[in-house]
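Student: below is the structure, and that's it, no one-letter string:
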Ligand SMILES: Nc1nc2c(ncn2[C@@H]2O[C@H](COP(=O)(O)OP(=O)(O)OP(=O)(O)O)[C@@H](O)[C@H]2O)c(=O)[nH]1
């Protein structure tokens, strides 16, 4: 089970300690609140809005240190002069922004016809990075939902927004799919939920074992999909062109 820090109501005192790195201040808040801050945890509730810029500045400074240690002449090499800041921006505001921003708002519509038929959305693009090497993890996933007759339904695009939020953190695929399923269950309370994910891990192709074609496939079934083998079969049979 993962902690959704974004939905917690932790109070966030403003940074006061002059000269203390902003990451130290944020980490202290998390520790004081007893909150986990693994790579795939969301810590938005522990940051004041302006602190994201301060965090970006700090990461850029440390990234410059990495480039210096890699013996890259960032002063004279026109290609790398702004690389430290570019990489910091990419981490904090782009590829890992799912750690630092609150969950997307989910527009709900009344389930006026009390529908509870199977609905599938996908393929939804997965863009993430592995927690081990911070190498890209790129793929797609499908979500199957058996809505509850009494619950509201959410807008279709919101599944893709939730995927973007959960995958926009350093992840491992096994934990990512569970985190996503837990979040969809918590926010929509369907009778059943199925998720299938298929990803290429660049840590296995670009580097390391350099295996270009292998992918990781995994699935999570909840509620009615766990109990009903026919529903499971129907979902898996309806996923269009998964292997194309
Ligand atoms: N189970 C799982 N493993 C992953 C995932 N993403 C990356 N990995 C693996 O995590 C492992 C990290 O292994 P280490 O042995 O610590 O790192 P390494 O020495 O660089 O390993 P190699 O990749 O084999 O060169 C590698 O085997 C990766 O393939 C994921 O989503 N799930």
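Tutor: Here it is on my side, so go on. What you are looking at is a predicted structure, and each value in this text was computed from that prediction instead of being measured. Numbering: from 1, shown residues only.
Student: what's the burial count for residue 95?
Tutor: 19 (other Cβ atoms under 10 Å). Placement of C-beta: from N, CA and C, glycine included.
Student: check residue 100 too.
Tutor: Considering only other Cβ under 10 Å, residue 100 is surrounded by 22 other residues.
Student: surely it meets residue 41?
Tutor: No - taking contacts as Cβ atoms under 8 Å, residue 100 lies outside contact range of residue 41: 10.8 Å.
Student: residue boundaries of the strands in this protein?
Tutor: 108-109, 119-130, 136-146, 153-154, 170-171, 192-201, 216-223 (DSSP state E).
Student: how about the residue in the chain sticking out farthest from the centre, what does it touch?
Tutor: What lies farthest from the middle of the chain is residue 76; by Cα atoms, centre = their mean that is 36.9 Å. With contacts defined as Cβ atoms under 8 Å, 6 or more residues apart in numbering, residue 76 has no neighbours.
Student: okay, residue 241: pLDDT?
Tutor: Reported pLDDT at residue 241 in the predicted model: 68.
Student: what's the worst-scoring helix or strand of the chain on mean pLDDT in contact with?
Tutor: When each helix and strand of the chain is scored by mean pLDDT, DSSP states H and E, strand 108-109 comes last, with a mean of 86. Strand 108-109 is contacted by residues 152-155 when judged by Cβ under 8 Å, 6+ apart.
Student: buried among those? Make that a PyMOL selection.
Tutor: Buried residues among those (16 or more other Cβ atoms under 10 Å), as a PyMOL selection:
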select buried, resi 153+154
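Student: quick one: which two of the contacts of strand 108-109 are the most distant?
Tutor: Across those, the longest distance by Cβ to Cβ is 10.4 Å; it joins 152 and 155.
Student: which strands and helices sit next to the longest helix out of those in the chain?
Tutor: In the chain, with assignment by DSSP state H, the single longest helix is helix 51-69. Judged by 3 or more Cβ pairs under 8 Å, 6 or more residues apart in numbering; DSSP states H and E, the packing partners of helix 51-69 are helix 22-32, helix 83-89.
Student: which one of the ones you listed lies nearest to the ligand?
Tutor: When the helices and strands packed on helix 51-69 are compared by Cβ to the nearest ligand atom, helix 83-89 sits nearest the ligand, at 20.1 Å.
Student: alright, that wraps it up for me.
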